[in-house]
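>>> fold the following, please.
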Amino acid sequence: NLNNANFTGATMTGAILTGADFNGTNFSSVNLSGRNFSSYNFTNTNFTSANLTDTDLSNTNFTSANLSGADLSNSNFIGINITSADLSNTRAGAGVLCQSGSTGICKMGEFRANTYTTANQVAPAVAMDSAGNFVVVWSGVGSTGDGNDIFGQRYNSLGLPISAEARVNAYTTGIQQNPSIAMNSSGAFVITWEGQGTGDDIGIFARRFNSDGTANGGEFRANVIATTHIQSNSSVAMDSAGDFVIVWQSHYLDSIGPVYSTYYDINGQRYNSSGVGQGDITIKLFDGLNMVRSPSVAMDGSGNFVVTWEGYNEDGGGFGIGARKYTSTGTAGSIFVANTSTNGFQGNPSIAMDSAGNFIVAWKNNPLGTFSIQAQKFNPDTTKNDSQFIVNTNTVSSIGTPVVAMDDSGHFSVIWGGGVSGDTTAILGQRYDSTGTQGTEFMVNAFTTNSQQNPAVAMDSNGNFNVVWESLGQDLDNYGIFGHRYDSSGGNL
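Now for the predicted structure:
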């Protein structure tokens, strides 16, 4: 019985502590690195500034413990209980430092997702389950030394990284890039990317994972029929049962003598929850004149889904935003236009949907040099819910591609890259309630040196949301992946 014992500054090398009761014990400044504390009870224990790196803390009880200033990097947090525990300034991972005042949760503030920081890590994507557990993925260089691959990092709803950064793709020849990710309510997820793989030099590949992060089978090629030309810009969505759909653009180059023409189709593939293909989908084909590209897809809780894209002459006035709804069995509805205003260029759409099928589409608009983010809400039957509206408050000369996320109650957030006073390449956001009432525009990134760009966003069923982006120089070596967690009221998590 070690209740209320004092080990301050002690050396615990070789100590065997199996079965001990540590209620109220003081481990302040003790080095406990590499220990197995799985399922231990550390209620009310003091670990101030202790070293707990590389430690198995799975299912460990830290209720009301003091972990302030402790280093828990690279530890196993699966099933950990930190109810009422003090995690102020606790190091929870290579890129995660819990903020002062973190009690019962690691308030991460701005965190780094990539552990390996050499060269570039870019093009992030993020997905959340209903409880707030989340996964961040990106493409770039990793410790495996295979060049440009797809990597990911898992986190629990408490903000603690689970397991180590891991490579997603098994095929490592050539380049794998531009990932997309979707997750169901229970935490199972699927990741897609474009690049080289078995059966195609420039195709769309994917891999499924269980909620515990273990791979559910090997990687597979989504573009089963079309293996010529270039497949890119994949987007994936998943329903609550784990059925999912992958969409992408097919890029063709034709030549007539010395003249080359380029055009795109939007294609897709449906899958059931076992990962078995349910048939190809031809969403929108190039008609010889009007180009279509940049697809985005969202799915409701029952497996019905909507695909949106930018298309030339889609709205009769240049580039517009087209969309099409499909039932869970793949039956297509009619193509409809998301934008009401046809003034200028409408492009780079993003779509999100709640469990009942209400959805929001956001896109970038450029009418004669003044950029804005526009959006439109829709009912499940694809009729427009109120009018098209402008998202951004600050008017800037350039603006990035928007991304959007929605919870089960219809609350949503729109995130984009743009300029504000003091930061010409910031990550910006706007929150809305289920009626479409707008909050106050906010800046996501705290680090404002160099460039922050290419954001992604995900939201859990309660409206908590995570934003990730790529930031130049913040990890001290080119681009890295950073993020920020928010609660449903927009407060820091």
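
>>> what residues are up against the residue nearest to residue 55 when sequence neighbours are not counted?
Nearest residue to residue 55 in three dimensions, chain neighbours excluded: residue 75, at 4.5 Å (C-beta to C-beta, 6 or more residues apart in numbering). Glycine gets a C-beta too; all of them are placed from N, C-alpha and C. Counting by C-beta atoms under 8 Å, 6 or more residues apart in numbering, residue 75 makes contact with 52, 53, 54, 55, 56, 57.

>>> cool, residue 148 as well?
139, 140, 141, 175, 176, 177, 195.

>>> the second one and residue 264, how far apart?
According to C-beta to C-beta, to the nearest Å, residue 140 stands 26 Å off from residue 264.

>>> ditto for the fifth one
Here the criterion is C-beta to C-beta. By it, residue 176 lies 21 Å from residue 264.

>>> once you drop chain neighbours, what's closest to residue 375?
Counting by C-beta to C-beta, 6+ apart, the residue nearest residue 375 is residue 362, at 4.2 Å.

>>> how about the one you found, what does it touch?
By C-beta under 8 Å, 6+ apart, the contact set of residue 362 is 349, 350, 351, 373, 374, 375, 391, 402, 403, 404, 414.

>>> who's the second one bridged to?
The reference is to residue 350. In this entry, residue 350 is beta-bridged to residue 362, by DSSP bridges.

>>> ok, it - how many residues close by?
Neighbourhood size, residue 350 [other C-beta atoms under 10 Å]: 26.

>>> was I right to think it contacts residue 400?
No: counting by C-beta atoms under 8 Å, residue 350 does not reach residue 400; the two are 11.3 Å apart.

>>> so residue 6 touches residue 26, yeah?
Yes: Residue 6 is within contact range of residue 26, at 4.5 Å (criterion: C-beta under 8 Å).

>>> between those two, which one's more packed in?
More crowded of residue 6 and residue 26, by other C-beta under 10 Å: residue 26, with 20 against 13.

>>> distance of the more buried one relative to residue 7?
Distance from residue 26 to residue 7, by C-beta to C-beta: 6 Å.

>>> shared neighbours of those two, anything?
Common neighbours of residue 26 and residue 7 (C-beta under 8 Å, 6+ apart) do not exist.

>>> low pLDDT regions in the stretch 51-200 of the chain?
For the stretch 51-200 of the chain, the stretches with pLDDT under 70 are 145.

>>> what residue is smack in the middle of this protein?
By C-alpha atoms, centre = their mean, the chain has its centre lying nearest to residue 126, at 0.7 Å.

>>> which ones are touching that one?
Applying C-beta under 8 Å, 6+ apart to residue 126 gives the contacts 134, 135, 136, 137, 181, 456, 457, 458, 466, 467, 468, 483.

>>> residues near the closest residue in space to residue 285 that isn't next to it in sequence, how many?
With C-beta to C-beta, 6+ apart as the criterion, residue 285 has its nearest non-adjacent residue at 4.9 Å, and that residue is residue 265. Residues within reach of residue 265, counting by other C-beta under 10 Å, total 22.

>>> show me what contacts residue 27?
With C-beta under 8 Å, 6+ apart, residue 27 has these contacts: 7, 8, 45, 46, 47, 50.

>>> 7 Å - rerun?
Shown in contact with residue 27 (C-beta atoms under 7 Å, 6 or more residues apart in numbering): 7, 45, 46, 47, 50.

>>> and those residues, which of them are in strands?
In strands, judged by DSSP state E, none of those are found.

>>> tell me the least confident of the residues you listed?
The member of these with the lowest pLDDT is residue 7, at 71.

>>> neighbours of that residue, how many?
19.

>>> next: residue 374.
So residue 374, with other C-beta under 10 Å, has 24 neighbours.

>>> again with the one 3 residues further on
With neighbours defined by other C-beta under 10 Å, the count for residue 377 comes to 21.

>>> that one: which element?
strand 372-378 (DSSP states H and E).

>>> remind me what the next helix or strand after that strand packs against, helices and strands.
Sequence order places strand 384-390 as the next helix or strand after strand 372-378, per DSSP H and E. When contacts are defined as 3 or more C-beta pairs under 7 Å, 6 or more residues apart in numbering; DSSP states H and E, strand 384-390 sits against strand 372-378.

>>> show me what the strand it packs on is packed against.
If you count contacts as 3+ C-beta pairs under 7 Å, 6+ apart, strand 372-378 packs onto strand 359-366, strand 384-390, strand 412-420.

>>> let me see the mean pLDDT of that strand.
For strand 372-378, mean pLDDT is 96.

>>> stretch 296-313 now?
Here stretch 296-313 scores 96 as its mean pLDDT.

>>> ok now it, how far from the chain's centre?
The chain centre lies 18 Å from the centre of stretch 296-313; the measure is C-alpha atoms, centre = their mean, to the nearest Å.

>>> next one: stretch 94-111
19 Å.

>>> now stretch 171-184
The answer for stretch 171-184 is 13 Å, by C-alpha atoms, centre = their mean.

>>> quick one: buried residues of it?
In terms of neighbour count (16 or more other C-beta atoms under 10 Å), stretch 171-184 has its buried residues at 171, 172, 176, 177, 178, 179, 180, 181, 182, 183, 184.

>>> contacts only, for the second one.
Counting by C-beta under 7 Å, 6+ apart, residue 172 touches 146, 149.

>>> same thing but at 10 Å, please
144, 145, 146, 147, 148, 149, 196, 197 (C-beta atoms under 10 Å, 6 or more residues apart in numbering).

>>> could you identify the buried members of these?
Buried among the contacts of residue 172 by 16+ other C-beta under 10 Å: 148, 149, 196, 197.

>>> isn't the last one up against residue 149?
Spelled out, that is residue 197. No: the criterion here is C-beta atoms under 10 Å, and residue 197 misses it with residue 149 at 11.6 Å.

>>> I am finished for the moment; much appreciated.
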